[in-house]
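Asks: Predicted model follows, preceded by the sequence.
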Amino acid sequence: MLDVAVIEEPAAAEASLDPIRSRILAALAEPGSAAMLAGRLGLPRQKINYHLKELERHGLVELVEERRKGNVTERVYGATAASYVISPVTLAAVSPDPDRAPDRLSARWLLALGSRLIQEVGTLLTGSARAGKPVATFAVDAQVRFASAADRAAFAEELTQAVTSLVSRYHDEHAPHGRDHRLVVGLHPIPTARPDGPDDPEGSADATPHGPQPAAENPQLPDSEAGPEAGQEDPR
């Protein structure tokens, strides 16, 4: 079983989003038969069997083993992954394009970058599975708590300078056997639920930090293009 699988086919995405089938996928983190699932989920075995066939047809579950019990053969299934991510390619005609309106201060642009990241890495994973080769990737995940919006702006400026310097040092436009890589660095408030109201507005609205804004110095890092979102007040 994979830790994460990327769903790229629209029909498979539709199958996974069905409420009953998503419950079956979650339950099949531990392999089970239709009869076992019926007991776990409180649903008729016939209905479970129908949905299992659809999930198997789209590659979301797989046959783990067959057990012979008297004159009956029990088929045991397992989910192909512990969790699933639906790639934006399933909605190719309306998937976000981060090159359409690059703005480093826009949360929507960050979302578009994230969508492209899922799409590209998903394509790499699919290709690597077929070729039987690993994908060379690298990621950094960190959490930082800023004392003020000014500190956040200063951090963004220093981070931009550091990334720009590294890109300039290692980027070789004329390397004969080089391969292009995508570098994405994102910073966003962590959404927090309030007990007496909606989520923290910083987690759901675009905001421009006060203070000087970082400017890209390398063509590999797109310049910020001011839009209506970039002019919003910081909610701090």
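Replies: Happy to help now that I have it. Residues are numbered from 1 along each chain as shown.
Asks: what's the single longest helix in this protein?
Replies: When the chain is scanned for its longest helix (criterion: DSSP state H), the result is helix 107-131.
Asks: for that helix, packing partners?
Replies: Counting contacts by 3 or more CB pairs under 8 Å, 6 or more residues apart in numbering; DSSP states H and E, helix 107-131 is packed against strand 2-7. Glycine gets a C-beta too; all of them are placed from N, C-alpha and C.
Asks: So which residues of the protein form strands?
Replies: With strands called from DSSP state E, the chain shows them at 2-7, 32-33, 61-69, 72-79, 81-86.
Asks: so of those, which one's packed in deepest?
Replies: Mean neighbours per residue, mean count of other CB atoms under 10 Å, is largest over the strands of the chain for strand 32-33, with a mean of 22.
Asks: partners of that strand, with directions?
Replies: Next to strand 32-33 in the sheet, as set by DSSP bridges, lie strand 72-79 (antiparallel).
Asks: now the strand it pairs with against strand 61-69, angle please.
Replies: Interaxial angle, strand 72-79 versus strand 61-69 (axes from the mean of the first three to the mean of the last three CA atoms, to 10 degrees): 150 degrees.
Asks: Let me have the strands of the chain in JSON lines, adding distance to residue 153 and mean pLDDT as columns.
Replies: Shown next, in JSON lines, are those (distance: least, CB to CB, whole Å; pLDDT from 0 to 100):
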{"stretch": "strand 2-7", "distance to residue 153": "34", "mean pLDDT": "90"}
{"stretch": "strand 32-33", "distance to residue 153": "52", "mean pLDDT": "94"}
{"stretch": "strand 61-69", "distance to residue 153": "48", "mean pLDDT": "91"}
{"stretch": "strand 72-79", "distance to residue 153": "44", "mean pLDDT": "92"}
{"stretch": "strand 81-86", "distance to residue 153": "32", "mean pLDDT": "93"}
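Asks: out of those strands, nearest to residue 179?
Replies: With CB to CB as the measure, strand 2-7 is the member of these nearest residue 179 (20.9 Å).
Asks: Can you spell out which helices and strands pack onto that closest one?
Replies: Using 3+ CB pairs under 8 Å, 6+ apart, strand 2-7 sits against strand 81-86, helix 107-131.
Asks: ok and the last one relative to strand 2-7, angle-wise?
Replies: Okay, so that is helix 107-131. Using the same axes, to 10 degrees, helix 107-131 lies at 110 degrees relative to strand 2-7.
Asks: before we move on, what about the shortest one?
Replies: Strand 81-86 and strand 2-7 are oriented at 30 degrees to each other (the same axes, to 10 degrees).
Asks: now strand 81-86: how far from the chain's centre is it?
Replies: 10 Å (CA atoms, centre = their mean, to the nearest Å).
Asks: next one: the last one
Replies: Here the centre of mass of C-alpha atoms in helix 107-131, compared against the chain's by CA atoms, centre = their mean, lies 8 Å away.
Asks: pretty sure residue 21 is in contact with residue 54, am I right?
Replies: Yes: with contact defined as CB atoms under 8 Å, residue 21 reaches residue 54; the gap is 6.9 Å.
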